[in-house]
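Peer 1: Generate coordinates for the sequence data below:
(one chain, ligands or ions: 1)
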Amino acid sequence: MRARLAAVGAGPGDPELITVRGLRLLREAETVFFPATREGASFAQQIISGYLDPERQQLVELLCPPYREQALLKRRWLELAAVVRETLANRKSGVFVCEGDPSLYSTFYYLREGLEQAAPEILIDIVPGVNAVSASAAVAGLPLAIWDERLLIAPAPADPDTLRRYFSDAETLALLKVGANFDPVLKAIKQVGARSIMVRRAGRPEQQVLVDADAMRDAGIDYFTTLLVKKGEG
Ligand SMILES: C[S@@+](CC[C@H](N)C(=O)[O-])C[C@H]1O[C@@H](n2cnc3c(N)ncnc32)[C@H](O)[C@@H]1O
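Peer 2: Numbering: from 1, shown residues only. Sure, this is the predicted structure:
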């Protein structure tokens, strides 16, 4: 029997936002893999922990530091692909849980590339999830696009020229991975005269939705923050 691995999107934070199919596969899995940047700190695991059965299921954390170089990430995920291969040699069905959706800036595609090299025999299934952009729009009560509008999703740029260029292609920007750029990003948004809404930890009890730039600045940086920015409404 060939081993199977399903990449399941866990959604952005609220455990109720997983799909029915994703939940079924998660409950049926003999092994559940989680990505984590350090030990015991998997956000994906935190989201779906209530659905797990540690008595019956083997839980495996796949540790990859937040490398800034893509080559290091690829090398580490090739090593982790070997871990997945060895684990699934005994237990044949596994789920890899992704935060949000597996297709959007997810480590899953590094793992898949590693598995293509290290374990091409494993059958892979991808189950989409609610991504942070859709979840942020829902809690902010904001349409991402209506009629013939365009939406651009990108890591948050810290310079106004890039923002202007993005706005020549789209009416709405969804900016992710704000991180340490937070202040310059807010400044750039102000400079181009756009209107922004900040959604932090959508779907979690600590969720925040802020429209005021000062309040955003006071709230500070959090990796799990999305900025929805609308053209020319600043
Ligand atoms: C590496 S990307 C992963 C995106 C994820 N795969 C998805 O589909 O949403 C991480 C970025 O997604 C955004 N994000 C993830 N979870 C979020 C949440 N609960 N609320 C707001 N933004 C979130 C943040 O911008 C964060 O820096």
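
Peer 1: List the buried residues for the lowest-mean-pLDDT helix or strand in the chain?
Peer 2: Sorting the helices and strands of the chain by mean pLDDT, DSSP states H and E puts helix 213-219 at the bottom, at a mean of 81. For helix 213-219, the buried set under the neighbour-count rule, 16 or more other CB atoms under 10 Å, comprises M216. Where C-beta positions appear, they are placed from N, C-alpha and C, glycine not excepted.

Peer 1: What residue in this structure comes nearest to the ligand?
Peer 2: Across the chain, the shortest distance to the ligand (CB to the nearest ligand atom) belongs to G100, at 2.1 Å.

Peer 1: can you pull the contacts of the residue nearest to that residue when sequence neighbours are not counted?
Peer 2: Nearest non-adjacent residue to G100, counting by CB to CB, 6 or more residues apart in numbering: N131, 4.6 Å away. Residues in contact with N131, defined by CB atoms under 8 Å, 6 or more residues apart in numbering, are 9, 12, 100-101, 104.

Peer 1: With A170 instead?
Peer 2: 149-152, 231.

Peer 1: That one is in what secondary structure piece?
Peer 2: Using DSSP states H and E, A170 sits in no helix or strand.

Peer 1: picking up where we left off before, pick out the most distant pair among the contacts of N131.
Peer 2: For the contacts of N131, the farthest-apart pair by CB to CB is P12 and L104; their separation is 10.4 Å.

Peer 1: Need the residues touching each of these two.
Peer 2: 131-132.

Peer 1: the more surrounded of the two?
Peer 2: Each of P12 and L104 has its neighbours counted (other CB atoms under 10 Å); P12 has more, 29 against 19.

Peer 1: Need the nearest residue in space to that one, chain neighbours excluded.
Peer 2: Per CB to CB, 6+ apart, closest to P12 is A135, 4.1 Å.

Peer 1: Find the helix or strand that that neighbour is a member of.
Peer 2: Secondary structure assignment for A135, by DSSP H and E: helix 132-140.

Peer 1: one step back: contacting residues around the residue nearest to P12?
Peer 2: A135 sits next to 11-14, 17, 100, 199, 202-203 when contact means CB under 8 Å, 6+ apart.

Peer 1: Confirm G114 sits in a strand?
Peer 2: No: under DSSP: H, G, I helix; E, B strand; the rest coil, G114 sits outside any strand and is assigned helix.

Peer 1: mind listing what it touches?
Peer 2: G114 neighbours (CB under 8 Å, 6+ apart): 74, 77-82.

Peer 1: Weed out the non-buried ones from those residues.
Peer 2: With neighbours counted by 16+ other CB under 10 Å, these contain buried members at 77-78, 80-81.

Peer 1: Can you list the residue ranges for strands in this structure?
Peer 2: For the chain, the strands defined by DSSP state E cover 4-9, 31-36, 58-63, 93-98, 123-127, 151-155, 172-176, 195-200, 208-210, 225-230.

Peer 1: Please identify the pairing partners of the last one and their relative orientation?
Peer 2: Sheet pairing here is set by DSSP bridges, and for strand 225-230 it gives strand 172-176 (antiparallel), strand 195-200 (antiparallel).
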